[in-house]
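S.K.: Need a 3D model of the following:
(2 chains)
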There are 2 protein chains.
Amino acid sequence: MEVSNNYITIKTHINGEPKESDFELKTATLALSVEPGSYDVIVKNLYVSVDPYQINRMKTHSSSQKAVTASRRITPGEVVDAYGVAKVVASGNPKFEKDELVVGRIGWEEHSVIKEENLINKLDPMGFPLTYHVGVLGTSGLTAYAGFFEVCKPKKGEKVFVSAASGSVGNLVGQYAKLFGCYVVGCAGSKQKVELLKEKLGFDDAFNYKEQTDLKSALKRYFPDGIDIYFDNVGAEMQEAAVANMNAFGRVAVCGVISEYTDAGKRAAPDMIDVVYKRITIRGFLIVDHMNVYADFISTTSDQIRRGDMQVIEDIATGLENIPSAFIGLFRGDNIGKRIVKIAEE
Amino acid sequence: MEVSNNYITIKTHINGEPKESDFELKTATLALSVEPGSYDVIVKNLYVSVDPYQINRMKTHSSSQKAVTASRRITPGEVVDAYGVAKVVASGNPKFEKDELVVGRIGWEEHSVIKEENLINKLDPMGFPLTYHVGVLGTSGLTAYAGFFEVCKPKKGEKVFVSAASGSVGNLVGQYAKLFGCYVVGCAGSKQKVELLKEKLGFDDAFNYKEQTDLKSALKRYFPDGIDIYFDNVGAEMQEAAVANMNAFGRVAVCGVISEYTDAGKRAAPDMIDVVYKRITIRGFLIVDHMNVYADFISTTSDQIRRGDMQVIEDIATGLENIPSAFIGLFRGDNIGKRIVKIAEE
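M.R.: Here you go, the predicted model:
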């Protein structure tokens, strides 16, 4: 059977704030069957992830594009590959059967043809909604877990600051840190987000960074005893303010720098005198290097969710055609929690 | 016996480039004997270290001043304490005897009264000139050794970039790196220094940063395969250029940032997109945290010197009164190798 396969692509490379007109919905004809001898797996996409880092793939040039497969440059006209949950429609690969659920590298499209079997894995939903496997039990969760435990190397009682704390990764970092026994303050960009952090997610405190005229002073008020760990999702002046408020042996885990992604002139210039004398470590990371914690991550996090200790905050849009607006909204801070787009019913 | 004890101090706090008029030579009367019951040790200072970091102690305010004892703020009028080699003149402490050589925290003065015994240690010259124990076998050497081996965690064959490479620490880092089996390029501020690095110290290559209009492009030429380790002595734009040229899993050991010390507006703003995607670690360090390698450092380095594998580059001025000019010159790049001031004959 042949179908019209709708997909989302970029019209040209995007080097600043993304806008609707940068994207287009295109259609290709796709056979929902596999040629004899082919190992292809054809899947129907159900839920896909929408993440800020994808903007770096859409640029004409970014050093990020050479890093790993998942960060390679997107060519205009080509589908944007993305993490998500799908169902097998046809398979030439004996490892996957029709109607099985899979999770992994699919795309912003209705159906994907998976040519490399290591891009996807069979999915056991473990009784959770499928969206959990895109977010809290997917790459966002793993990023938060590995970034916090492996990169930040926390000790109980340490003071943790999280930026973009209501975002897909930030909200989980804050929750892991609280459950681990740290003091946690988050910042976010609206009153509603700040309330969520304090009232639903158990952060010790939270503030709206847009209401602060001096971030360094603000952090001094929220951390009178200094910051031990800063989980950085935004970069630029927030990182500078965090470093200025850091304690000796403080650690900055640089997960992402959303405020710098769409403004090449924006940079974090942390005071290196602080870095030297406080023996601060600023470290960037990608989860591909931390797959060793995957099994721990899944078992710990699924237990925490079942016990009700971990709150799952999702922000789900519906319809392939709404992916561009869902994506663009990330850079305006529209999302609360993990932004996912539902492409089809299971 | 009482003597007139000359010492160097600052007249007021120094918040920019230091100049001669910021310093003064003062005199106090000192008894060269110890009161019964006192544990004081009175020493005659022979050689003292002159180091860029001291400028941070002279500022009205710097976050560095709270870090460790050796970095605490200097009050105008008070002697500048500094690392050096001295000889015991009188001792109330049974651990030290008259005429013994000691090394440790003395001062920019003719005699020092050591009130805390852990500030000094007995010195066995091991057949080396006393100046070696101020520099290559003293704090400069330990900084280079611990910084390179413990903070940079090198692997053989890795590409190492060292800034201020003819300076007290940089020249040793380059030599350790070469002896360890790395590819090493250094930068310095004069033709003479560059020649020293290439011809005497065995650096694979070296360049004069003052002749470069674009540091990022320069490093691209010197490291066509990228930089794995950057040993940072200068900060600011050189750090940015190094990060831009770094390979995946690159490490920046921030030892000092001399170009930022005298210009509060100068900052390194490394591209955090590089830091994330290349998983770069930028880490500040102080040797007080790495005393565990001290014994290794001494045995390794003394062997390397004896075998002629390690060249000792010293820049020795004579006379207490010349300490201010020797110190000021550091910020103009006057020194080649370890700058030491000889205060008295043994």
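S.K.: Am I right that residue A:218 falls within a helix?
M.R.: Yes. With DSSP: H, G, I helix; E, B strand; the rest coil as the criterion, residue A:218 is located in a helix.
S.K.: What helices and strands are in contact with the host helix or strand of residue A:231?
M.R.: Here residue A:231 sits within strand A:227-232, counting by DSSP states H and E. Contact here means 3 or more CB pairs under 8 Å, 6 or more residues apart in numbering or on different chains; DSSP states H and E; on that basis strand A:227-232 packs against strand A:159-162, helix A:170-180, helix A:236-244, strand A:246-254. The C-beta positions use only the backbone N, C-alpha and C, and glycine is treated the same way.
S.K.: could you dump stretch A:161-180 to PDB, C-alpha only?
M.R.: Extracted C-alpha coordinates of stretch A:161-180, given in PDB (Å, rounded to 0.1, in the frame of the first residue of the first chain):
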ATOM      1  CA  PHE A 161      20.300  26.000  41.000                       C
ATOM      2  CA  VAL A 162      18.400  25.100  37.900                       C
ATOM      3  CA  SER A 163      17.600  27.400  35.000                       C
ATOM      4  CA  ALA A 164      14.700  26.900  32.600                       C
ATOM      5  CA  ALA A 165      13.500  24.900  35.600                       C
ATOM      6  CA  SER A 166      10.000  24.300  34.300                       C
ATOM      7  CA  GLY A 167      11.400  23.000  31.000                       C
ATOM      8  CA  SER A 168      11.600  19.400  29.900                       C
ATOM      9  CA  VAL A 169      14.900  18.700  31.500                       C
ATOM     10  CA  GLY A 170      15.000  21.400  34.200                       C
ATOM     11  CA  ASN A 171      11.900  20.300  36.000                       C
ATOM     12  CA  LEU A 172      13.300  16.700  36.300                       C
ATOM     13  CA  VAL A 173      16.700  17.900  37.400                       C
ATOM     14  CA  GLY A 174      15.000  19.800  40.200                       C
ATOM     15  CA  GLN A 175      12.900  16.900  41.200                       C
ATOM     16  CA  TYR A 176      15.900  14.400  41.100                       C
ATOM     17  CA  ALA A 177      17.900  16.900  43.200                       C
ATOM     18  CA  LYS A 178      15.100  17.300  45.800                       C
ATOM     19  CA  LEU A 179      14.500  13.500  46.000                       C
ATOM     20  CA  PHE A 180      18.300  13.100  46.400                       C
END
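S.K.: Now that stretch: average pLDDT?
M.R.: For stretch A:161-180, mean pLDDT is 98.
S.K.: does that stretch come close to chain B?
M.R.: No. On the criterion CB under 8 Å from any CB of the partner chain, stretch A:161-180 is out of touch with chain B, staying 12.3 Å away.
S.K.: ok, which residues in the stretch 101-250 of chain A are in contact with chain B?
M.R.: Residues of the stretch 101-250 of chain A lying close to chain B (CB under 8 Å from any CB) are A:232, A:235, A:239, A:244, A:248.
S.K.: Among these, name the buried ones.
M.R.: Among these, the ones that count as buried by 16 or more other CB atoms under 10 Å in any protein chain shown are A:232, A:235, A:239, A:244.
S.K.: Between those, which sits nearest residue A:301?
M.R.: residue A:232 (21.7 Å; CB to CB).
S.K.: any idea of the pLDDT on the spatially closest residue to the closest one that is not a sequence neighbour?
M.R.: Take residue A:232 and drop its neighbours on the chain: the residue closest to it by CB to CB, 6 or more residues apart in numbering or on different chains is residue A:254, 4.8 Å away. Looking at residue A:254, its pLDDT reads 98.
S.K.: Over to the nearest residue to residue A:19 once chain neighbours are set aside. Which of the three states is it?
M.R.: The shortest distance from residue A:19 to any non-neighbouring residue, by CB to CB, 6+ apart, is to residue A:328 (6.5 Å). Look at residue A:328: counting by three-state DSSP, its state is helix.
S.K.: Would you check how far apart residue A:328 and residue A:16 are?
M.R.: 12 Å (CB to CB, to the nearest Å).
S.K.: Please identify which of those two sits among more neighbours.
M.R.: residue A:328 (19 against 13; other CB atoms under 10 Å in any protein chain shown).
S.K.: Quick check: the gap between that one and residue A:167.
M.R.: Residue A:328 is 15 Å from residue A:167, by CB to CB.
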